[in-house]
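quick one, structure for this:
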Amino acid sequence: MAAAPNSSKMALISFLAWSFIVSLVVLAIAEFKPPISLPATAPADSFSAERALKHVSAISEVAHPLGSSANATIRDYLVALTCDIAMADRDIRDEVLVAGARMMRRFDAMVNFRDGLKRNLKMTKQAIDKIVARTEVT
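Next comes the predicted model:
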């Protein structure tokens, strides 16, 4: 018959196991820390919570139920913002415009988006059609 394990040895093993588990939990929680919030003066290619909050504030300033004039104002704001972002970096322009077109398609606002691209970016109908066609393929 095997001898009963030493209780102090079992206590040490138990303590070490629990210490290891607690250490893993502490490390896991430390990894969930949000990133440091960058100010509006941060480089344009870095996300700035302060810059984003400016847009969130503009969008949430007034309730904008679907079909209201306030909703049309917000939609036009988003179209203009999409155009501004697209003009800022030619390398990502088409990707930004396709993402904006997908968003406007969900809001059933493609006519406004097309008008915004024509007015703000001076895009031709053919160029706009190419962007819109890419939203139909998922």
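
centre of the chain versus the helix ranked longest in the chain, how much separation?
When the chain is scanned for its longest helix (criterion: DSSP state H), the result is helix 7-31. Relative to the chain's own centre, helix 7-31 is displaced by 37 Å; criterion: CA atoms, centre = their mean, to the nearest Å.

mind listing what's buried in that helix?
By neighbour count with 16 or more other CB atoms under 10 Å, helix 7-31 contains no buried residues. Every residue, glycine included, has its C-beta placed from N, CA and C.

got a list of contacts for it?
The contact list for helix 7-31 (CB atoms under 8 Å, 6 or more residues apart in numbering) is empty.

quick one: mean pLDDT for that helix?
Along helix 7-31, the predicted confidence averages to a pLDDT of 89.

just name the shakiest helix or strand of this structure by mean pLDDT.
Ranking every helix and strand in the chain by mean pLDDT, DSSP states H and E puts helix 69-88 at the bottom, with a mean of 86.

so what's residue 44 up against?
Contact analysis of residue 44 by CB under 8 Å, 6+ apart lists residue 88.

look up how far residue 38 lies from it.
From residue 44 across to residue 38, the span is 11 Å (CB to CB, to the nearest Å).

picking that back up, show me what the least confident helix or strand of the chain is packed against.
helix 49-60, helix 93-106, helix 110-121 (3 or more CB pairs under 8 Å, 6 or more residues apart in numbering; DSSP states H and E).

just how off-centre is it within its chain?
16 Å.

also stretch 59-75?
21 Å.

cool, and stretch 15-34?
The answer for stretch 15-34 is 29 Å, by CA atoms, centre = their mean.
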